[in-house]
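>>> Below: sequence and its predicted model.
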Amino acid sequence: MGKLLRACFHLWRGVARRRNVPRPGTGGVVVPFPETGKRLSDIGFRPAVSAGCLRLSGLLFALALFFWAAPASAGLEEGKQAYREGNYAQALQEFLPLAEAGDIAVQNQVAAMYYTGQGTDQDFDKAAEWFRKAAQGGSPDAQYCLGKLYYYGQGVPQQFPEAAKWLSEAGLAGKGGAQYLLAVLYLYGKGVSQNPVKAYFWALLAAQCGDIADEDKTSAIALRDQIQGMLQQKQIVSIQAMVRDWVPRRKP
């Protein structure tokens with residue numbers, strides 16, 4: 001499974017206050033969308049360093065192995081070393097010039113550090129800013145993160161059309177968590193025109209994706225089965241054939 005910023009895998013769970021909409025995969029039981037303005041502590045974020053990578057529960061950011069194995073460059077090795085030693089403020093100072101110069105992997109790392117408050121005050125706005133830069137640079141992981149931030153309204157206004165835009169980019173690149181959320185958006189017409197057929201397509205992809213958290217995969221399977229009961233058999237067969245032939249979009 002790709003490990004660069006596997007953002008937002010478990011964010012559905014643990015959000016305390018939500019708006020009433022049917023939750024997918026529950027047979028129409030009302031479980032609402034989350035409201036805006038949640039803090040990390042509200043949704044179970046706990047940073048930990050393991051094997052040179054930053055790992056978080058809740059909205060999960062994990063540094064890609066290639067970030068830590070990247071060729072040495074001015075500031076990068078110093079930043080990595082400072083990070084490994086727990087000197088996050090120094091690490092951030094080393095990373096920032098590289099992020100500003102356009103290094104997408106470092107932009108993702110800087111975004112994660114602002115999101116979790118490592119080496120700086122926690123700042124969702126700056127996290128969203130850096131995820132946006134990396135997303136615009138073509139990082140599917142950043143696109144997933146940014147889409148999920150719009151979905152939940154952290155660091156940006158809660159805007160389902162923007163969420164759908166970025167989640168679509170990530171979903172086309174094979175991010176299973178993004179595919180699952182797209183299925184939810186299409187099923188309920190949040191930020192997109194309501195379309196059970198498209199919802200079924202994305203739910204099928206998510207259900208069979210390897211790059212997805214276990215909890216999201218379970219939800220995607222339940223959602224797939226729920227939507228399947230809404231469709232005609234010929235629609236089901238057609239979409240299943242499309243999914244069999246589908247391949248993720250490669251990075252440019």
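Sure thing, it's come through.

>>> for the stretch 1-150 of the chain, which spans come out with low pLDDT?
Judged by pLDDT under 70, the stretch 1-150 of the chain has its weakly predicted residues at 1-74.

>>> Do a quick rundown of the helices in it.
Chain-ordered helices for the stretch 1-150 of the chain, with DSSP state H, counting those that start in this stretch as the definition, fall at 65-68, 76-84, 88-100, 104-116, 124-136, 140-152.

>>> between those, which gets nearest to Gly229?
Closest to Gly229 of those is helix 140-152 (C-beta to C-beta; 25.4 Å). Placement of C-beta: from N, CA and C, glycine included.

>>> Show me the contact partners of the helix or strand just after the closest one.
Beyond helix 140-152 on the C-terminal side, the first helix or strand identified by DSSP states H and E is helix 160-172. Contacting residues not belonging to helix 160-172 are listed as 135, 140-141, 143-144, 146-148, 150-151, 156, 177-179, 181-182, 185, 190-192, 202, 205, 248-249 [C-beta atoms under 8 Å, 6 or more residues apart in numbering].

>>> of those, buried ones?
If you count burial by 16 or more other C-beta atoms under 10 Å, the buried members of these come out as 135, 140-141, 143-144, 146-148, 150-151, 156, 177-179, 181-182, 185, 190-192, 202, 205.

>>> returning to what we had before: put together TSV for the helices of the stretch 1-150 of the chain, with distance to Leu167 on each row.
Below are the helices of the stretch 1-150 of the chain laid out as TSV (distance: least, C-beta to C-beta, whole Å):
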stretch	distance to Leu167
helix 65-68	23
helix 76-84	29
helix 88-100	23
helix 104-116	17
helix 124-136	11
helix 140-152	4
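
>>> Go through those and pick out the most buried.
Ranked by mean neighbour count under mean count of other C-beta atoms under 10 Å, the helices of the stretch 1-150 of the chain are led by helix 140-152, which reaches a mean of 28.

>>> Put the alpha carbons of that one into CSV.
Below are the C-alpha coordinates for helix 140-152, written out as CSV (Å, rounded to 0.1, in the frame of the first residue of the first chain):
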residue,chain,number,x,y,z
PRO,A,140,-2.8,12.0,-5.4
ASP,A,141,-2.1,11.8,-1.7
ALA,A,142,-2.3,15.6,-1.3
GLN,A,143,-5.4,15.6,-3.6
TYR,A,144,-7.0,13.1,-1.2
CYS,A,145,-6.0,15.2,1.8
LEU,A,146,-7.3,18.4,0.3
GLY,A,147,-10.5,16.8,-0.8
LYS,A,148,-11.1,15.4,2.7
LEU,A,149,-10.4,18.8,4.3
TYR,A,150,-13.1,20.4,2.1
TYR,A,151,-15.4,17.4,2.9
TYR,A,152,-15.0,18.1,6.6
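
>>> tell me the angle of it relative to helix 104-116?
Here the directions of helix 140-152 and helix 104-116 differ by 30 degrees (axes from the mean of the first three to the mean of the last three C-alpha atoms, to 10 degrees).

>>> mind listing what Trp202 touches?
Gly171, Gln179, Tyr180, Leu182, Ala183, Tyr186.

>>> which element follows the helix or strand where it lies toward the C-terminus?
For Trp202, the enclosing helix or strand under DSSP H and E is helix 196-208. Note on helix 196-208: by DSSP H and E, the next helix or strand toward the C-terminus is helix 214-228.

>>> tell me the mean pLDDT over that next one?
Averaged over helix 214-228, pLDDT sits at 94.

>>> Show me the contact partners of the helix or strand that that helix is followed by.
Using DSSP H and E, the helix or strand that follows helix 214-228 towards the C-terminus is helix 233-245. Helix 233-245 is contacted from outside by Val197, Tyr200, Phe201, Leu204, Leu205, Gln208, Gln228, Leu231, using C-beta under 8 Å, 6+ apart.

>>> between helix 233-245 and helix 196-208, how many degrees?
Going by the same axes, to 10 degrees, helix 233-245 makes 40 degrees with helix 196-208.
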